[in-house]
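K.L.:
Structure of the sequence below:
(chains A and B)
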Amino acid sequence: MLKFLSSLKLAVILIAGIAVMSVLATIFPDANAFSSWSFRLLVIAFFVNLGLCTVQLLPKFWKQIHRTAADVPEAADYKLYDVDEAAVTAWLQENHYKISRQEQNGTVKIMAQKGKAGLSAPHLLHISLLIILIGALFSTFNTEGYSMGQVGQNRPFPDELQSVYGTDSTVEILDFQTLYDDQNAVDNWVTRFNLYIHGELVAQNVETKVNEPYRHGNLMIYQNSYDSRYLLEAQGLEDESDNTTYGIPENQAAMIGGQTVVTATIEGKPYVQISDHVNAPRGQFVEPGDVLILTDTGATLTYLDTAEYSILELKIRRGTYIVFAGFLLASIASLLFLSGRYRELWIVTGAGQTQSRIRCYSKSSMVVEEVEEELAEQWPHQREEL
Amino acid sequence: MEQLQLPLLWLMLAAYTGALVVYGMGFWARNVKLQHLATKIVYVGLVFTAAALILRSVLIGGLPLNNGFEFGLCFVFVAALAYVIMEKRFSIGAIGLFVMPILVVLGVWLVSIDLTIEPVMPALRSYWLAVHVSSAVISYGAFAVSFAVSIAYLLKDKTGEKADSRLAQSLPSLKVLDEITYKLIFIGLPFLTIMLVTGAVWAEYAWGAFWSWDPKETWALITWLVYAIYLHTRFMKGFKGRRAAWLSVLGFAAVIFTFFGVSYLLPGMHSYLV
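P.N.:
Next comes the predicted model:
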């Protein structure tokens, strides 16, 4: 059971499962697959598999990096080179091998190792993945929502965050600006605000902008986007509750007093169109203070202004620092991978002998071939295998 | 200067198409000299690609990594560069026959899309962009060539190593093809890892969330998982040969879907790429 739980076969099945579930989640985004318990269980199973595998491999790794000349076997697929111990040792040192030497009964054994950093890379990567998986699991419990408001408004936190912050936590918008660069392109949007948690002011006159979210503990407030709204005040409608100020988004329709009101910006000027679905729509360019006839009973719409609303994204984040610690370790492991493949040279010779038996060991046949080519270039009088 | 872009792209496309034709002729005639000539044409294509990149950099006043066109151009450059480096190192001229179609298809796409220079959107105005996107470009370039080598492997494997066919005779041995694929993936995966990590760090810094399960992020992770399986099974179990080549093909399919499929079919936070 333990063997299966730590097996590569199970790892491949679980990774494939995560990949397939991810594919499905991008095709059906509304299913919220990544915060489902089936996905979490898959991640937990992979964590267990990788964890067991890592623990099982560590003793072997430890033994391998601490190999000495005593581990050089007497009999192996050695090749005979015309080189004495001094010359081969000098060559090994020149090529940055770590050398261990043992002399017994006139026989000299040398264990030369290179690429230990590369050997540690997979193990470090395993550990970093375990850390990332823990953080990722925490982050599946993140919550986020949007809050929209115009300057002067004190907006409550989105519903999604109210289970943590209650209904008395708010963002009071003090200012909202669009910033332009020297070529008149939009450079950024900035919202200045006061932050209240449970009714208490915890941050005063702080700002958030694109690429620079505001952080307060686990809470993050991000400048997500902005929206323009046409402010139209209705008067004279039969139902008194309808006589209020409406904020209608650009290029969208709203029903006011049984009429469809559509707003747009045409050639940079605000335009309002009213339709009763019987007669031809009536539209006109407007300026603040302009009054439009809404119904034939005398109800009117007064265009007040176009207001810009700041749309803020509020998130509660979990597991971020754990994931980042994993990322850091994974980056180190990736660099170690590039430091070169591990190889060992087993050398058996004798004091005063002019020949040495040498064997290269590596998991990569290409590395073995490369090293053997290097050896043959150094000491070309290679003889037949023993 | 902006009008110079398209002619340069056409010259680039013509060079890679020409190289493909000459590789094809060399393959058909079993003529090594033609293969060498084709490789020289690839160098010419590489020069035109570099010129187009430099021109774009001058026009936008920075690194050309801001949108789909610029990424695609860098992708072509790195894939062509990875090929010529591998060709020089392993003398694998015949592989050009499999790499050039990728460059030609990308070239056709580049000449057909809008080259207008738009202001960079606020979310992309960050130094992280350079590290994040350039590491993606390097990994994609390496994976493109590894895909081509894997296709060559699978075709040669099908016809038989010692058969008297053109494929068997002109392509390197299966062992060499397998090793080249491995080396390219071995280079590509760390860069893909860097891309994912820098993307996450940037997203955390800029958007306050290191991971949003955006379609592009998710598919980049899927790509990473496929190549991670490739390398892991190779390290641990010596997984080589036909099945490894198929895994490499699958990995590049994920790369292509991440780049094109997600951008066109699954818009999300990375939609500005096209």
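K.L.:
Wasn't A:Trp11 part of a helix?
P.N.:
Actually, residue A:11 is Ala. It isn't Trp. Yes: judged by DSSP: H, G, I helix; E, B strand; the rest coil, A:Ala11 forms part of a helix.
K.L.:
Show the contacting residues for the closest residue to it other than its chain neighbours.
P.N.:
Nearest residue to A:Ala11, sequence neighbours excluded (Cβ to Cβ, 6 or more residues apart in numbering or on different chains): A:Asn49, at 5.3 Å. For every residue, glycine as well, the C-beta is placed using N, CA and C. Applying Cβ atoms under 8 Å, 6 or more residues apart in numbering or on different chains, we find A:Asn49 in contact with A:5-7, A:10-11, A:14.
K.L.:
what do you get for B:Trp207?
P.N.:
Listed by Cβ under 8 Å, 6+ apart, the contact set of B:Trp207 reads A:211, A:213, A:222, B:123.
K.L.:
Model confidence for it, exactly?
P.N.:
pLDDT, B:Trp207: 78.
K.L.:
next one: A:Glu385
P.N.:
Looking at A:Glu385, the pLDDT reads 51.
K.L.:
Distance of A:Ile127 relative to A:Leu328?
P.N.:
12 Å (Cβ to Cβ, to the nearest Å).
K.L.:
what about the two, which has more around it?
P.N.:
Just comparing A:Ile127 and A:Leu328: by other Cβ atoms under 10 Å in any protein chain shown the higher neighbour count belongs to A:Ile127, 18 against 14.
K.L.:
got the phi/psi numbers for that one?
P.N.:
Main-chain torsions, A:Ile127, degrees, to the nearest 10: phi -60, psi -40.
K.L.:
Go ahead and confirm it touches A:Val55.
P.N.:
No: look at A:Ile127 against A:Val55 with Cβ atoms under 8 Å: they stay out of range, at 10.3 Å.
K.L.:
so which strand or helix has the residue nearest to A:Ala11?
P.N.:
In this assignment (DSSP states H and E), A:Asn49 forms part of helix A:37-65.
K.L.:
and the closest residue to B:Ser91 other than its chain neighbours, how many neighbours?
P.N.:
Nearest non-adjacent residue to B:Ser91, counting by Cβ to Cβ, 6+ apart: B:Pro172, 7.9 Å away. B:Pro172: 20 surrounding residues under other Cβ under 10 Å.
K.L.:
cool, A:Asn211 as well?
P.N.:
17.
K.L.:
what pLDDT does it get?
P.N.:
Model confidence at A:Asn211 (pLDDT) stands at 81.
K.L.:
mind listing what it touches?
P.N.:
By Cβ under 8 Å, 6+ apart, A:Asn211 lies in contact with A:188, B:122-123, B:125-126, B:205-207.
K.L.:
how close does it get to B:Leu124?
P.N.:
9 Å.
K.L.:
that older thread, my guess is the residue nearest to B:Ser91 meets B:Ile92, correct?
P.N.:
Yes: the criterion here is Cβ under 8 Å, and B:Pro172 meets it with B:Ile92 at 5.5 Å.
K.L.:
Mind listing the shared neighbours of those two?
P.N.:
Both B:Pro172 and B:Ile92 are in contact with B:Ile180, where contact means Cβ under 8 Å, 6+ apart.
K.L.:
what's the closest non-adjacent residue to B:His132?
P.N.:
B:Thr198 (4.4 Å).
K.L.:
hmm, back to that, okay, the contacts of A:Asn49 in a markdown table with neighbour count next?
P.N.:
Formatted as a markdown table, those follow (neighbours: other Cβ atoms under 10 Å in any protein chain shown):
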| residue | neighbour count |
| --- | --- |
| A:Leu5 | 13 |
| A:Ser6 | 19 |
| A:Ser7 | 14 |
| A:Leu10 | 19 |
| A:Ala11 | 20 |
| A:Leu14 | 19 |
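K.L.:
Next, count neighbours for B:Ala52.
P.N.:
Applying other Cβ under 10 Å, we find 25 residues neighbouring B:Ala52.
K.L.:
That one: which element?
P.N.:
helix B:32-60.
K.L.:
continuing past that helix, what's the next helix or strand?
P.N.:
helix B:68-90.
K.L.:
Run the angle between that next one and helix B:32-60 for me.
P.N.:
Relative orientation of helix B:68-90 and helix B:32-60, computed by axes from the mean of the first three to the mean of the last three Cα atoms, to 10 degrees: 150 degrees.
K.L.:
roughly how far is helix B:68-90 from the heart of the chain?
P.N.:
The chain centre lies 6 Å from the centre of helix B:68-90; the measure is Cα atoms, centre = their mean, to the nearest Å.
K.L.:
ok, it near chain A or not?
P.N.:
No: judged by Cβ under 8 Å from any Cβ of the partner chain, helix B:68-90 stays clear of chain A, getting no closer than 10.8 Å.
K.L.:
how about low-confidence regions in the chain?
P.N.:
Since no chain was named, I'll use chain A. Counting by pLDDT under 70, chain A contains low-confidence ranges at A:30-31, A:380-386.
K.L.:
please go with chain B instead
P.N.:
For chain B, the stretches with pLDDT under 70 are B:161-163, B:266-274.
K.L.:
give the contact list for the residue lying farthest from the centre of it.
P.N.:
Here the centre of chain B is the reference, and by Cα atoms, centre = their mean the most remote residue is B:Asp164, at 31.6 Å. Counting by Cβ under 8 Å, 6+ apart, B:Asp164 touches no other residue.
K.L.:
Mind picking the one among the contacts of A:Asn211 that's closest to A:Thr140?
P.N.:
B:Trp207 (17.5 Å; Cβ to Cβ).
K.L.:
Taking the stretch 201-350 of chain A, what residue is nearest to chain B?
P.N.:
Nearest residue of the stretch 201-350 of chain A to chain B: A:Met220, at 3.4 Å (Cβ to the nearest Cβ).
K.L.:
in which helix or strand would I find the residue farthest from the centre of chain B?
P.N.:
Applying DSSP H and E, one finds B:Asp164 in no helix or strand.
K.L.:
cool, and the one 5 residues further on?
P.N.:
Under the criterion of DSSP H and E, B:Gln169 resides in helix B:166-170.
K.L.:
Just the residues contacting that helix, thanks.
P.N.:
For helix B:166-170, contacts defined as Cβ under 8 Å, 6+ apart pick out B:27-28, B:30, B:35, B:94, B:155-156, B:159-162.
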